[in-house]
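Asks: Only the shape, not the letters, is given here:
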């Protein structure tokens, strides 16, 4: 009963926040178009959840959580794709640095959990090259598309508040536990770092 009440309270809080801050997926009160931050946040949550598979693939192997060479490959690819898609490459790289750090944050949490409780460690090891990285690559393209689609929205002064409401909504919708919620927050740390425009 206590868990049910808690979840209901979260749902009410999310609804109130979304109402107070304006629609996260729809039109403004004046009827103008407003780019939703829900798809961007949802994709970030999807990437955060994939960190579980990355951790399962690496745990108990020599593969490190921190892999600067691999991270640089990802960031270089993001820069190249951004230029081709008409997205600010510096902005994209900043966002994907946060995405990478969020992924590693989840991995560290799971490593600590599985080390302390070996019975909870995964029994199957996903293949990074054939199973996990293709999913990450797909999310990368879609995240870049959303960065482009929300370019003006994320430059508005209201972006941090709207992003907070959207993160709460997505976290509740995806039933994220506290470590994954914290990682989702980390993954979007730079999402509103755009030159400000006057329209709220």
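Replies: Thanks, I have it. Keep in mind that this is a model prediction, so the values were computed, not measured.

Asks: Show residues contacting stretch 71-89.
Replies: 91-93, 96-97, 100, 140-141, 144-145, 147-148, 151 (CB atoms under 8 Å, 6 or more residues apart in numbering). For glycine as for every other residue, the C-beta is placed from the backbone atoms N, C-alpha and C.

Asks: out of those residues, what pair is the most spread apart?
Replies: Spatially, the most separated pair among these is 100 and 151, at 21.7 Å (CB to CB).

Asks: of the two, who's got more company?
Replies: Here residue 100 and residue 151 are set side by side on neighbour count (other CB atoms under 10 Å), and the busier one is residue 100, at 21 against 15.

Asks: model confidence over the helix or strand where that one lies, on average?
Replies: Secondary-structure assignment from DSSP states H and E places residue 100 in helix 89-116. Here the mean pLDDT over helix 89-116 is 98, rounded to a whole number.

Asks: what do you get for stretch 154-170?
Replies: Stretch 154-170 shows a mean pLDDT of 97.

Asks: what comes up buried for it?
Replies: If you call a residue buried by 16 or more other CB atoms under 10 Å, then stretch 154-170 has these buried ones: 154-156, 159, 161-170.

Asks: swap in stretch 115-133?
Replies: Taking 16+ other CB under 10 Å as the neighbour-count basis, stretch 115-133 is seen to contain the buried residues 126, 128, 132-133.

Asks: Repeat that for stretch 179-189.
Replies: Of the residues in stretch 179-189, those with enough neighbours to count as buried (16+ other CB under 10 Å) are 179-188.

Asks: returning to that earlier point: right, and the helix or strand after the helix holding residue 100?
Replies: Next along from helix 89-116, by DSSP H and E: helix 133-149.

Asks: tell me how far the helix or strand following that following helix is from the chain's mean position?
Replies: Per DSSP H and E, the first helix or strand lying C-terminal to helix 133-149 is helix 159-173. Between the mean C-alpha point of helix 159-173 and the mean C-alpha point of its chain there is a distance of 11 Å (CA atoms, centre = their mean, to the nearest Å).

Asks: so who does residue 163 touch?
Replies: Remark: with contacts taken as CB under 8 Å, 6+ apart, residue 163 is in contact with 37, 41, 188, 191-192.

Asks: what's the distance between the residue nearest the centre of the chain and residue 162?
Replies: Using CA atoms, centre = their mean, the residue of the chain that lies closest to the mean C-alpha position is residue 44, 2.2 Å off. Residue 44 sits 15 Å away from residue 162 when distances are taken as CB to CB, to the nearest Å.

Asks: can you list the weak-confidence ranges in this protein?
Replies: The model of the chain has pLDDT under 70 over residues 1-34, 195-200.

Asks: mind running it again at 80?
Replies: For the chain, the stretches flagged by pLDDT under 80 are 1-35, 194-200.

Asks: No further queries at this time; thank you.
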